[in-house]
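1. output the structure for:
(chains A and B)
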Amino acid sequence: MIQTILDALSYGGLYGLAALGIGLVFGVMRLVNFAHGELIAIGAYLFIVTIDLGLPLSILIAVTGTAILALLMEFSVFKRLRLAGPAVLLIASFGVSVFLQRFYEIIFGALPLSGQIAPWMTGVIEFGDTTITRGSIVTIVLALILLGGMWFFIEKTTLGLQIRAASSDFQTARLLGVRSNRVIGAAFVFSGVLAAAVAFVLVTQRGSVDPLFGVNITILALVGTVIGGLGSLQGAALGGFAVGATISLLNSFLGNYRVYTYTWLFILVIIVLLVRPGGLISNKAVKERV
Amino acid sequence: MTLLTVRDLQSGYGKVQVLYNGHIDVEPGELVGIVGPNGAGKSTFLGTLAGSVRASSGSIDFDGASIKGKNPEDIVRLGLAMVPEGRAIFTDLTVNENLRLGLTGRREKSGAQQAVDEVMDLFPVLTTHKNHQAGLLSGGQQQQLAIARALVSEPKLLLLDEPSLGLSPTVIQDVFGVLARIQERGTAIIVVEQRAHLVMSIAVRTLVMREGHIRATLSQSDAQDEAKLAAAYFGTGEDRE
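-> As a prediction, the model looks like this:
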C-alpha cells in the first residue's frame, strides 16, 4: 500500500514537472508545444552519452543542452511566428517535433540507445515487511525540489511576476513594459530545464532512449495542462500531477486489466472536463465586479 | 515644445483599416478628450499611439522623437503609458503585484518606492487593499488601480481608454476627480470616452471621431452647445475642424 502511494506521488510529480514545462510556454505564447517531447528526448540522449564523465557533469551538460535546444526552438521557429494564430503555432510545433525525431534518428540511430545513469536509484529500501523502490523516493524528492524552486521563482521574483502577468494578459503586460522576448525566452529556458529533469527520471527507469522517447509523456502532460486549466501555471502542475498519480493508481488497482488504464484515465478526464470545462484552476474564477 | 504630435495616422487589424486620419497635438500637462460612437476607431487610435496596434502610415512624434513602429514595452519607457479599456488589471495578482508590474516601465529604476507612495496618496483605498487579490476590488477600485499602475511609471503622457466603462455615476465622478490631480503633477492626459459631456467638461479640447476619421475638434465651451456636439457626434450637418 505504501509503495502504491509512493508510486502515485512519484508519477504525479514527474508528470507535474512535464506539464509545468509545457504550461510555462503555453502561458506566455499560447503555444501548445508538442516538441516538448523532443526536449525530454535530447535530455535523455545527453545523459546517456555523457554519463561516463560522471553524474554531476552529465547533469550539467544535459540540463544546459536541453535549455539551449529550447531556446533554439524559440529563436529559429517560434520567434518568427509571433503574429501567427494558435493553429499555426501548433502545426509549427508538430513540424519541429517530427524534424527533431528524424534528426535524432540520423545522429543517434533509430534503435534504442542504452546506458545506466544512476544504478543506485533502481534498488529497494526495506522497512520491516515493507519494501519501497529508491527510484520513487528520488523522484518525489526531485519533484518537490524542482516544483518548490519553480514556485519560488514564479511567485517571489520579478521575472516570475512578469511571466505570471504575461500568462494572464500578454498585451497588457507589454503595455506596462514587460519585455516580451525576455519573458518568452525565460519560459523556454525553464521549460528546457524541467524537460531535462523529466528525462533524468525516465531514462533512469527505462535504461534506454529512442527518438520517440518523450512523445507519450508529452501527450499525457498536455492532457494534464488542460485538466489543470490552460493558462494557469499552478493548474498545469496540479493537472500533470493528477494525471500521473491517476495512471499509477489505475495501473496498481487494475492488476491484470491494466491494459485498460488509459481507457479509464480518459473517461475520468472527460468527466472532469464536463464538470469543470475551464480546468481545475480557472483564471476566470474571480468574477468581474462593477 | 509640443509633447505629442500625430499626423495622418492610419492603422487597423490585418487588412481591415480602422483609423484613417488620426491627428492630434498635446502640450505638456494638457488634458485632451476623444469622443465618438461605438466603432469610431477611438481605442484603435490610442492603441496605435501606445504601440499595441501597428501603424501603416503617418507620423507619431513624442517628446521630440518618432515612436511610430516601436514596441509597447519601449514606448512606455519613453514616458507614454496607457490604461486599456476594461481596466485590464491582473485579477489573480494582488494590488501590490499589479503596482510592481507598473514599475517595469519606469525609465529610471531609482525613486520607485516614492512613486508607489505617491499613487497610494492619490488613491488611499489601494493602501488598505494592497495585499488583496485585485479581482476582489470593486469596479471603481479596479479602475483606480489600473490608473495607479500606469502612474508609477511616471509617464509624461497618460492614455485612458473609456475609464467610465461599467462604473456607477458616483464612482465615475471619483475617478474623473482624480484626473485634475494627475494633471497637477505635470502629466498630460488623453481620455477616450463615449460619454461626451463628461470628458468635454474637463478637456481643453475634444476630438470627435466617427468611422475612423476625426470629424471635429471642439472647445470646452462647445460642451454646452448640444446642437454643435450632436452634429459632430452623429454626423448631422457639416463636419467642422
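
2. for chain B, what's the longest helix?
-> helix B:169-184 (DSSP state H).

3. report the closest residue of the stretch 101-250 of chain A relative to chain B.
-> residue A:177 (2.9 Å; CB to the nearest CB). The way it works is simple: take the backbone N, C-alpha and C, and place the C-beta from them, glycine included.

4. that older thread, in the longest helix of chain B, what's buried?
-> Going by neighbour count (16 or more other CB atoms under 10 Å in any protein chain shown), the buried part of helix B:169-184 is B:171-172, B:174-176, B:178-179, B:182-183.

5. re the thing from before, the spatially closest residue to the residue of the stretch 101-250 of chain A closest to chain B that is not a sequence neighbour: what secondary structure?
-> Setting aside the residues directly before and after it, residue A:177 is nearest to residue B:105 in space (CB to CB, 6 or more residues apart in numbering or on different chains), at 2.9 Å. Here residue B:105 is recorded as coil under DSSP: H, G, I helix; E, B strand; the rest coil.

6. now the longest helix of chain B, how far from the chain's geometric center?
-> Distance, stretch centre to chain centre, for helix B:169-184: 13 Å (CA atoms, centre = their mean, to the nearest Å).

7. ok, that helix near chain A or not?
-> No. Using CB under 8 Å from any CB of the partner chain, helix B:169-184 never reaches chain A; the gap is at least 8.6 Å.

8. neighbouring contacts of the following helix or strand past that helix?
-> As assigned by DSSP states H and E, the chain's next helix or strand after helix B:169-184 is strand B:188-193. Strand B:188-193 has contacts (CB atoms under 8 Å, 6 or more residues apart in numbering or on different chains) with B:3-4, B:24, B:26-35, B:42-43, B:45-46, B:49, B:85, B:156-164, B:179, B:182-183, B:199, B:202-203.

9. filter those down to the buried ones.
-> Here, 16+ other CB under 10 Å leaves B:3-4, B:24, B:26, B:29-35, B:42-43, B:45-46, B:49, B:85, B:156-164, B:179, B:182-183, B:199, B:202-203 buried among the contacts of strand B:188-193.

10. so what does the helix or strand harbouring residue B:113 touch, helix or strand wise?
-> Using DSSP H and E, residue B:113 sits within helix B:112-122. Packing partners of helix B:112-122 (3 or more CB pairs under 8 Å, 6 or more residues apart in numbering or on different chains; DSSP states H and E): helix B:95-103, helix B:124-128, helix B:139-151, helix B:169-184.

11. separation between the residue of the stretch 101-250 of chain A closest to chain B and residue B:74?
-> Counting by CB to CB, to the nearest Å, the gap from residue A:177 to residue B:74 is 9 Å.

12. and those two? Which one has more around it.
-> residue A:177 (23 against 16; other CB atoms under 10 Å in any protein chain shown).

13. okay, the nearest residue to residue A:120 once chain neighbours are set aside: pLDDT?
-> Residue nearest to residue A:120 in three dimensions, not counting chain neighbours: residue A:134, with 6.7 Å by CB to CB, 6+ apart. Residue A:134 carries a pLDDT value of 87.

14. again with the one 3 residues further on
-> Reading off the confidence values, residue A:137 has pLDDT 88.

15. and the helix or strand bottoming out on mean pLDDT in chain B, how far out from the chain middle?
-> Using mean pLDDT, DSSP states H and E, helix B:226-234 stands out as the lowest-scoring helix or strand of chain B, at a mean of 76. Distance of helix B:226-234 from its chain centroid, counting by CA atoms, centre = their mean, is 23 Å.

16. check which helices and strands it sits against.
-> Using 3+ CB pairs under 8 Å, 6+ apart: helix B:226-234 touches helix B:196-200, strand B:205-210, strand B:213-219.

17. distance check, residue A:6 against chain B.
-> 33 Å (CB to the nearest CB, to the nearest Å).

18. that residue: which element?
-> helix A:2-29.

19. and that helix, what does it pack onto?
-> Helices and strands touching helix A:2-29, by 3+ CB pairs under 8 Å, 6+ apart, are helix A:36-50, strand A:130-133, helix A:134-156, helix A:158-168, helix A:180-206, helix A:215-228, helix A:233-254.

20. after the fifth one, which helix or strand is next? Please name it.
-> Downstream of helix A:180-206, the next assigned helix or strand under DSSP H and E is strand A:208-209.

21. what are the pairing partners of that following strand, and which direction each?
-> As defined by DSSP bridges, the strand partners of strand A:208-209 come to strand A:113-114 (antiparallel).

22. pLDDT averaged over the strand it pairs with, what's the number?
-> Averaging pLDDT residue by residue across strand A:113-114 gives 94.

23. state the mean pLDDT of the helix or strand just after that strand.
-> Sequence order places strand A:124-127 as the next helix or strand after strand A:113-114, per DSSP H and E. In this model, strand A:124-127 carries a mean pLDDT of 82.

24. one more: stretch B:43-58?
-> For stretch B:43-58, the per-residue pLDDT averages 95.

25. in it, what counts as buried?
-> B:43-53, B:55, B:58.

26. filter those by proximity to chain A?
-> B:50-52.

27. report pLDDT for residue A:131.
-> pLDDT, residue A:131: 79.

28. residue contacts, the residue nearest to it when sequence neighbours are not counted?
-> Distances taken as CB to CB, 6+ apart place residue A:124 nearest to residue A:131, at 4.6 Å, with adjacent residues excluded. Residues in contact with residue A:124 (CB under 8 Å, 6+ apart) are A:131-134.

29. beta partners for residue A:124?
-> Those that pair with residue A:124 in a beta bridge, by DSSP bridges, are residue A:133.

30. let me have the ones next to chain A among the buried residues of stretch B:43-58 in JSON lines, extended by distance to residue A:205.
-> Below are these laid out as JSON lines (distance: CB to CB, whole Å):
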{"residue": "B:50", "distance to residue A:205": "51"}
{"residue": "B:51", "distance to residue A:205": "49"}
{"residue": "B:52", "distance to residue A:205": "47"}
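
31. understood, closing this out.
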